[in-house]
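Asks: any chance you can model this:
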Amino acid sequence: MNNYYIKTNRAFSYIRKYGWIITVLIAIGGQWEPKLGLAVVVIMASLTITSFFNGRYWCGNFCPHGSLFDRIILPVSRNKKIPDILKSKIMMMGVFLIFMAIFTMRILNVSQSWGTYDFLDKLGSLFSNTYLVVLILGGALATFINPRTWCQICPMGTLQKLSYKLGKALNIAKKTEKKIVISNQEKCCKCGKCAKVCPFQLTPYMEFSNDNKFDNINCIKCSTCVVNCPLGILSLKNGNEIK
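Replies: Sure thing, here's the model as predicted:
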């Protein structure tokens, strides 16, 4: 099973190739210049907004940590199967609730410095330290298990899914969300390569709906399966393009 998953290029844009630099700047540079951590506020707002319209698209196309895992760590990763327990809803929600509780307490602590000279430094330091923890923990999991192991329990990933469900409930995401689409299921040879190269170890070839869409909420729309499909029958389209 260790050899089932294939290492292949996942960086198809400038952002995905070099976005990891942002992670390093914030996590490490933020230890000397705390205000760098304030960039995380913009990142959190952006991923929450984009997920409302397009699910976990941010994870597969803009996330700085995702760029680090896929671009820098993938070549040295053991690329093993991600443990099922890390994919469970209980684990995801547990990590999310613990993170939010700790984060809220730290925000309240920092807020006591509101109006002081070093308020922004303290706030930035909070975010840069959080990024550093993810860099270390996520990097270790990426190296010894699979590049996207941390992403299974990432609090921001869970936040994106909650935001997406709201967008879907309001019938907005249906028209804006991009999904993996197969042109003709009868042409699929069931080789499973889409599953072998998927960063999240999903199985598109086994899950296409009757209208040829891959509806798995955990899909990060990174197009890795699209690029690697030997028959070229996969594509990434939004609601208006899907017939």
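Asks: skip the chain neighbours and tell me the closest residue to H65.
Replies: Distances taken as C-beta to C-beta, 6 or more residues apart in numbering put T23 closest to H65, at 5.4 Å, once the chain neighbours are dropped. Glycine gets a C-beta too; all of them are placed from N, C-alpha and C.
Asks: give me the contacts around the helix or strand that the one you found is a member of.
Replies: Assessed by DSSP states H and E, T23 sits inside helix 20-27. Under the contact criterion C-beta atoms under 8 Å, 6 or more residues apart in numbering, helix 20-27 has outside partners 36-37, 39-40, 64-65, 67-68, 71-72, 127-128, 131-132, 134-135.
Asks: same thing but at 7 Å, please
Replies: 36-37, 39-40, 64-65, 67-68, 71-72, 128, 131-132, 135 (C-beta atoms under 7 Å, 6 or more residues apart in numbering).
Asks: for A195, helix, strand, or coil?
Replies: For A195, the assignment made with DSSP: H, G, I helix; E, B strand; the rest coil gives helix.
Asks: ok, now which ones touch it?
Replies: L202, T203, P204, Y205.
Asks: state the next helix or strand along the chain beyond the helix holding T23.
Replies: helix 39-54.
Asks: which residues touch that next one?
Replies: Here helix 39-54 makes contact (C-beta under 7 Å, 6+ apart) with 26, 57-58, 127, 131, 156, 159-160, 163-164, 166-167, 172-173, 176-178.
Asks: and with 6 Å instead?
Replies: With contact meaning C-beta atoms under 6 Å, 6 or more residues apart in numbering, helix 39-54 is reached by 26, 57-58, 127, 156, 160, 163-164, 167, 173, 176-178.
Asks: quick one: contacts for the most centrally placed residue in the chain?
Replies: Geometric centre of the chain, nearest residue: C59, 2.6 Å, by C-alpha atoms, centre = their mean. The contact partners of C59, taken as C-beta under 6 Å, 6+ apart, are G66, I220.
Asks: and the gap between it and C219?
Replies: Distance from C59 to C219, counting by C-beta to C-beta, to the nearest Å: 9 Å.
Asks: same deal with S88?
Replies: In this view, S88 and C219 are 18 Å apart by C-beta to C-beta.
Asks: out of these two, name the residue with the larger neighbour count.
Replies: C219 (25 against 13; other C-beta atoms under 10 Å).
Asks: helix/strand/coil for the more buried one?
Replies: Classified using three-state DSSP, C219 is coil.
Asks: what do you get for L126?
Replies: Classified using three-state DSSP, L126 is helix.
Asks: ok, now I180?
Replies: Under the three-state scheme (three-state DSSP), I180 adopts strand.
Asks: not counting its neighbours along the chain, what's nearest K17?
Replies: Per C-beta to C-beta, 6+ apart, closest to K17 is A11, 4.4 Å.
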